[in-house]
Structure formats: structure tokens, C-alpha cells
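# any chance you could fold what I've pasted below:
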Amino acid sequence: MRHEEETVVDEAAGPPVVEEEELPPEPPPPGPPPPLLWPWLLLLLVLVIGGLFAAWFLTHRGHHKHAAVVAVPNVVGQREGAAVARLNDVGLVSRVHTRPSSLPAGTVFAEHPSADSRVTKGSAVTLETSAATQVTVPNVVGDKTATAVSALRAKGLTVETSSVASSKPNGTVISQTPAAGNRVAKGSTAVIRVSRGLVKVPNVVGQSRAAAVAAIRGAGLVATVFKVPSAQPKGTVVAQHPAAGARAPRGSKVRVNLAQGASAAPPPPPPAPATGTIPDVTGQQQAVAQKQLSEAGYDPKVVYVPSDQPEDTIVAQSPTGGTSAKRGTHVQINASLGSNPTPEKAVTDVIGLSPAKAAARLRAAGFRVQQLSQTVQNRSKDGVVVDEQPGQRAPAGSTVTIYVGSFFET
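Numbering: from 1, shown residues only. Now for the predicted structure:
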């Protein structure tokens with residue numbers, strides 16, 4: 001027989017105790033990952049480098065597009081003027097330095113960069129030229145022509161004589177270029193201006209044109225003939241200036257008014273310019289060079305350029321000497337500023353003034369003055385300044401040449 005076990009509950013002890021285990025809270029779910037910065041920084045760096053490269057490429061492409069490359073021509077052994085002109089022809093700039101050498105003065109004996117070098121157009125090429133022996137110009141103003149020529153030739157200078165209108169005695173030197181005391185290259189040209197003296201103006205009123213011109217020329221004067229309305233017979237001289245009996249500088253002009261009558265024919269057209277050979281004026285003083293070119297029928301234009309040649313010396317000309325060209329052609333002559341340049345000044349504008357007023361204004365501005373004549377076809381320009389060279393700027397104390405219009409009707 002099965003015995004049942006009894007379970008005794010002690011009610012006095014209270015309800016049973018249940019122990020619970022306390023677990024730590026679960027961690028929160030992870031957030032989104034932080035953004036990556038290095039790809040953006042890399043992209044920014046690539047864009048900056050690309051922009052800089054594009055700017056460099058566009059800038060240099062434009063530069064190379066416009067900067068042509070040329071070969072340096074061989075000018076060793078040439079005269080300085082011809083060498084400078086040759087470099088100018090290919091677009092290169094000349095820098096001239098003189099050095100002692102066994103070659104004749106003014107001959108190029110070296111160039112830098114050397115011949116056939118490839119350089120950018122507009123680059124400078126240094127020319128080494130043989131230095132000339134320097135001499136001091138003597139003072140010959142006031143001397144007679146023969147004495148002055150002997151003194152200048154004794155110094156190794158070439159002499160050119162120019163006769164000018166003056167009240168000084170006939171045959172007296174009234175001015176010289178270069179001025180006394182200047183240092184110039186041996187073999188340079190010195191110009192002396194010699195007075196023609198005063199002569200008596202003949203009376204030609206009432207004479208025919210041919211007779212009047214012959215009488216004026218016989219007195220050592222120049223006749224300028226103008227046709228004017230008059231009741232006198234056609235071809236008769238009705239007036240003159242200066243008046244008969246006056247004393248005038250030899251070689252000066254005498255105006256002759258000729259009756260034109262009722263049927264005066266129009267003047268013939270001026271003859272076509274003749275062709276001649278342009279003189280080589282490199283190595284000369286700019287005033288002397290202007291005179292030589294003007295007397296040869298050409299129109300000189302003066303530009304001062306940096307050079308260590310003596311101040312006012314012509315270092316280049318264009319067209320070059322020996323070139324065949326129509327008379328009246330412009331010839332640019334480059335004059336040296338010298339190794340220790342004198343400050344440049346603006347040249348006073350005197351075009352349209354009388355020679356006396358023009359010379360006075362230029363001298364007041366600190367320049368020396370040379371006067372030359374220039375044939376004009378406009379009668380209103382006769383006797384007034386029609387050009388001046390240099391026309392813009394020139395070293396203080398240098399020579400400015402004024403060109404006075406000369407109208408002559410044949």
C-alpha cells in the first residue's frame with residue numbers, strides 16, 4: 001500500500017522568495033558612418049592643378065604664337081652702319097660697344113650671340129666695333145678759309161666748306177661744326193661756314209626777265225622771279241627787293257616782280273624727282289650728316305638712340321649709304337646719345353616762323369641752330385621754316401637744323 005508524503009507549508013514563514021538576475025542595458029544601435037573628406041580634398045587639388053596648367057598653356061601658347069624666332073646674321077667685318085641696318089632688317093636690336101682693335105675704325109669684329117644663333121625676334125645683339133682715334137677740334141672761327149682748312153686738316157679731319165650770307169668780310173669763317181674743343185674721331189668731317197661778304201644790288205627795274213636775272217647773278221646774288229598783274233608790257237620787271245644800290249650778303253635773294261600781262265600762261269608742272277645715290281653719313285656728326293643728305297636732295301629725319309659712340313655721332317641710317325633712291329626720299333639717321341648721355345629736352349616747335357624768330361626760340365631753349373634751305377612748291381612757304389630736325393627730343397646743347405622754304409619759279 002502506497003504511502004503518500006505530505007507537504008507541510010509553513011504559513012508563518014511568509015511567501016517564498018524568488019531572486020531575479022539584473023542584466024546590464026543593451027547598447028544603442030550604431031549610427032551612420034562619418035563622411036570621408038579625403039576624396040573631396042583630392043578632387044579640389046586636381047581642379048586647382050588643372051586650372052593652373054590651363055592658364056599656363058593658354059598664356060604660353062599665345063606668347064609662342066606671336067614671338068617669332070630668327071637666325072642672327074653674320075655681320076663681322078662689316079661697317080657698323082651696315083651691320084646695324086642688317087640686324088634691323090631681321091627684327092633684331094643692336095647694342096654697339098667700341099673696343100681697341102687692329103681693324104679700321106667702325107668695323108665690326110665680334111657679335112654676341114654669334115652668327116646663326118636662333119633667338120627671339122626683337123632680341124638684342126651686341127656688336128663690338130673697332131674704336132677710332134680721337135682728336136680735339138681746333139677753333140677756326142674768325143680765320144680766313146685757307147688758314148681754317150689747314151688747321152683742321154692738320155688734326156686729321158676732313159673739311160667741308162659752306163658759304164653763307166653774312167655781313168662779315170668775304171672769306172671769313174663765321175661758325176664751325178663740331179664746335180672747338182670737342183673730341184671727335186680722326187677722319188670725321190668738320191664743316192666751316194664762310195661769309196660771302198656784302199655786294200651792291202643792281203637796278204633791274206624796266207629790264208626783261210633774262211637781262212634782270214643775268215645782272216643779279218653777275219653781282220653774286222640769286223634772283224627769285226614772281227609774275228604779278230601790271231599794266232607794263234608783259235615780261236618787264238616792274239619792281240625789285242632789296243632796292244637798287246642796297247648792300248646785301250653775297251648769295252642772298254633778290255625778289256623780282258615781272259609783269260605777267262593779260263595772257264600769262266600757267267607755270268609748268270614741277271619735274272619728276274630724279275634718282276640718285278644716298279650718301280653714307282655713318283660716323284659723322286648729325287648736323288653735318290643732315291647737311292650732306294639735304295644737299296644731295298634727300299630728306300633726313302633724326303632719331304637719338306642709346307650707344308657708347310661719341311654723342312651726336314651717326315651710328316646707323318636707313319636706307320643705307322650707296323642705295324639708289326628718288327631725291328626727296330626720307331632717310332632716317334640714328335644719332336648716338338653717348339656713353340654718358342646729356343639729358344634730353346623737347347625741341348621747340350618753330351615750323352611756320354621766320355628763320356630769325358625760329359633760331360632765337362631754339363637758342364633760348366638751349367640748342368645750337370643750323371639753317372638749311374628746302375625747295376617748296378607753295379609760294380606761301382617761301383622764307384619760313386618748313387621743317388626742323390630733330391623734331392621731337394634732343395640732348396640739351398645739341399644742334400637743331402631748321403629748313404627754310406625756298407620757292408623759285410623758272
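# so where's the protein uncertain?
For the chain, residues meeting the criterion pLDDT under 70 lie at 1-36, 56-67, 262-273, 408-410.
# can you map out the helices along it?
In the chain, the helices defined using DSSP state H lie at 38-66, 80-89, 145-154, 209-218, 286-295, 355-364.
# list the helices and strands the second one packs on?
Read it as helix 80-89. Applying 3 or more Cβ pairs under 8 Å, 6 or more residues apart in numbering; DSSP states H and E, one finds that helix 80-89 makes contact with strand 93-99, strand 108-112, strand 124-130, strand 314-318. All C-beta spots, glycine's among them, are computed from the backbone N, C-alpha and C.
# could you tell me how far Ala346 is located from Gly171?
Relative to Gly171, Ala346 is positioned 38 Å away (Cβ to Cβ, to the nearest Å).
# list the contacts for the residue nearest to Pro73 when sequence neighbours are not counted?
Spatially, and ignoring its direct neighbours in sequence, Pro73 is nearest to Arg86 (5.4 Å; Cβ to Cβ, 6 or more residues apart in numbering). The neighbours of Arg86, taking Cβ atoms under 8 Å, 6 or more residues apart in numbering as the test, are Pro73, Val75, Gln78.
# who wins on neighbours among the residues you listed?
Across those, neighbour numbers were computed from other Cβ atoms under 10 Å; Val75 holds the maximum, 21 neighbours.
# and the residue lying closest to that residue once chain neighbours are set aside, how far from Thr282?
Of all residues not flanking Val75 in the chain, Ala83 sits nearest, at 3.7 Å (Cβ to Cβ, 6+ apart). Ala83 is 10 Å from Thr282, where distance means Cβ to Cβ.
# same check on Thr399?
Applying Cβ to Cβ, the value for Thr399 to Thr282 is 18 Å.
# repeat that for Ala154.
Using Cβ to Cβ, one gets 25 Å for the distance from Ala154 to Thr282.
# higher neighbour count, the two?
Neighbour count, other Cβ under 10 Å: between Ala154 and Thr282, Thr282 has more, with 23 against 10.
# for the more buried one, phi and psi?
Dihedral pair for Thr282: phi -60, psi 140, per degrees, to the nearest 10.
# now it: how far from Val315?
According to Cβ to Cβ, Thr282 and Val315 sit 7 Å apart.
# cool, and Ser101?
For Ser101, the distance to Val315 under the criterion Cβ to Cβ works out to 17 Å.
# between those two, which one's more packed in?
A side-by-side neighbour count of Ser101 and Val315, using other Cβ under 10 Å, places Val315 first with 25 against 15.
# circling back: between Ala346 and Gly171, who's got more neighbours?
Per other Cβ under 10 Å, whichever of Ala346 and Gly171 has more neighbours is Gly171, with 15 against 9.
# is it true that that one touches Ser195?
Yes: Gly171 lies in contact with Ser195 (Cβ atoms under 8 Å); the separation is 6.9 Å.
# overlap in contacts, Thr282 and Val315.
When contacts are counted by Cβ under 8 Å, 6+ apart, the set common to Thr282 and Val315 consists of Glu80, Gly81.
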